[in-house]
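Participant: sequence? don't have it. structure:
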């Protein structure tokens, strides 16, 4: 897409909203994705995302906001998983899998029973950044401000908690509080990101940029910054390609991120081989 065409596209409200959403989503995913990847909570974040579908299905059946339904269901399921995994860490994968499956099943049943099984449901499954509203932008902005307050305040605790929970306990760090706080923040961020890439693809946006950043960064804050930048690059590139080719924006964003991941792996393997030859 040429610069003139891109500027022409920005004359439309939906494109300006999409651009703002891409910037905010990149910041949110960069921060929360880094914590999720560092703390090995990717599967739990995936469980929250898929369990949220239960709330979407119930919202369609009872006739209220799917986003509100997804948030309520995500919060309940995430708090349950946080509590259950603290009590039985060895069974964490099983608990997450059960919650994931039950949430999806409830969503499917209520969607089948809903009087209108429409396109809005598809936007929550696969996302559509071009359908983001000003209300979504406001919600994302508020959440971004919450992260700006939470992360600096607890950065030192988050650093220890993310990499060595047992050591954090010996240092008197409130691990249980951080565990529940992180899971609640993950729930909010997942629900907000569903509008961008959909609940099926949201976990990729949370894990791919932080994973790439982790390979090149030596600090948690550096990983957050790099991950946010990568998320922005992937989002803008995917948005531009989706607009030009008339494709689903969320899916294109994830494909761009996945290609970057594979390119990174190839580059690192090549670099390691070159170092061994020296």
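Facilitator: Now that the structure is in, tell me what you want to look at. It should be emphasised that the depicted structure is a prediction, and the values quoted were computed from it without experimental measurement.
Participant: Please work out the average pLDDT along stretch 63-81.
Facilitator: Across stretch 63-81, pLDDT averages out at 85.
Participant: for stretch 269-278, that is, sorry about that
Facilitator: The model assigns stretch 269-278 a mean pLDDT of 81.
Participant: burial measure for residue 72, as a count.
Facilitator: Around residue 72 there are 19 other residues, counting by other C-beta atoms under 10 Å. Where you see a C-beta, it was placed from the backbone N, CA and C, and this is true even at glycine.
Participant: Low-confidence ranges, this protein, go.
Facilitator: Low-confidence segments of the chain (pLDDT under 70): 1-10, 88-90, 116-123, 125-126, 200, 278.
Participant: Is residue 192 in contact with residue 143, as I believe?
Facilitator: Yes: in this structure, residue 192 is within contact of residue 143 by C-beta atoms under 8 Å, at 6.1 Å.
Participant: shared neighbours of those two, which are they?
Facilitator: Both residue 192 and residue 143 are contacted by residue 28, under the criterion C-beta atoms under 8 Å, 6 or more residues apart in numbering.
Participant: got the contact list for residue 167?
Facilitator: residue 160.
Participant: Would you list the phi and psi of it?
Facilitator: Main-chain torsions, residue 167, degrees, to the nearest 10: phi -60, psi -40.
Participant: Going forward, the N-terminal residue is numbered 409.
Facilitator: From this message on, residue numbering opens at 409, which makes the last subject residue 575.
Participant: helix/strand/coil for residue 581?
Facilitator: coil (DSSP: H, G, I helix; E, B strand; the rest coil).
Participant: residues near it, how many?
Facilitator: Here the number of neighbours of residue 581 (other C-beta under 10 Å) works out to 19.
Participant: ok, and the closest non-adjacent residue to residue 504?
Facilitator: For residue 504, ignoring the flanking residues on the chain, the nearest one in space by C-beta to C-beta, 6 or more residues apart in numbering is residue 455 at 4.1 Å.
Participant: Between residue 600 and residue 551, which is the more surrounded one?
Facilitator: A count of neighbours by other C-beta under 10 Å puts residue 600 above the other of residue 600 and residue 551, at 26 against 19.
Participant: What about the residue nearest to residue 504, how many residues nearby?
Facilitator: Quick note: residue 455 (other C-beta under 10 Å) scores 28 neighbours.
Participant: Just the helices from this structure, written as ranges.
Facilitator: Ranges of helices in the chain, per DSSP state H, are 411-417, 421-446, 450-470, 474-495, 500-521, 527-534, 542-571, 573-578, 583-605, 610-622, 628-653, 657-685.
Participant: if we can go back for a sec, enumerate every residue touching the residue nearest to residue 504.
Facilitator: Neighbour list for residue 455: 485, 489, 504-505, 507-508, 511 [criterion: C-beta under 8 Å, 6+ apart].
Participant: how about 10 Å then?
Facilitator: Counting by C-beta atoms under 10 Å, 6 or more residues apart in numbering, residue 455 makes contact with 449, 482, 485-486, 489, 500-501, 503-509, 511, 594, 598, 611.
Participant: Any quick ChimeraX command for the buried ones out of those?
Facilitator: Entered in ChimeraX, the line below selects the buried ones among these, by 16 or more other C-beta atoms under 10 Å:
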select :449,482,485,486,489,500,503,504,507,508,511,594,598,611
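Participant: ok, residue 546 to residue 653 distance?
Facilitator: Noted for residue 546: a distance of 30 Å to residue 653, by C-beta to C-beta, to the nearest Å.
Participant: wait, I meant residue 469
Facilitator: Noted for residue 469: a distance of 35 Å to residue 653, by C-beta to C-beta.
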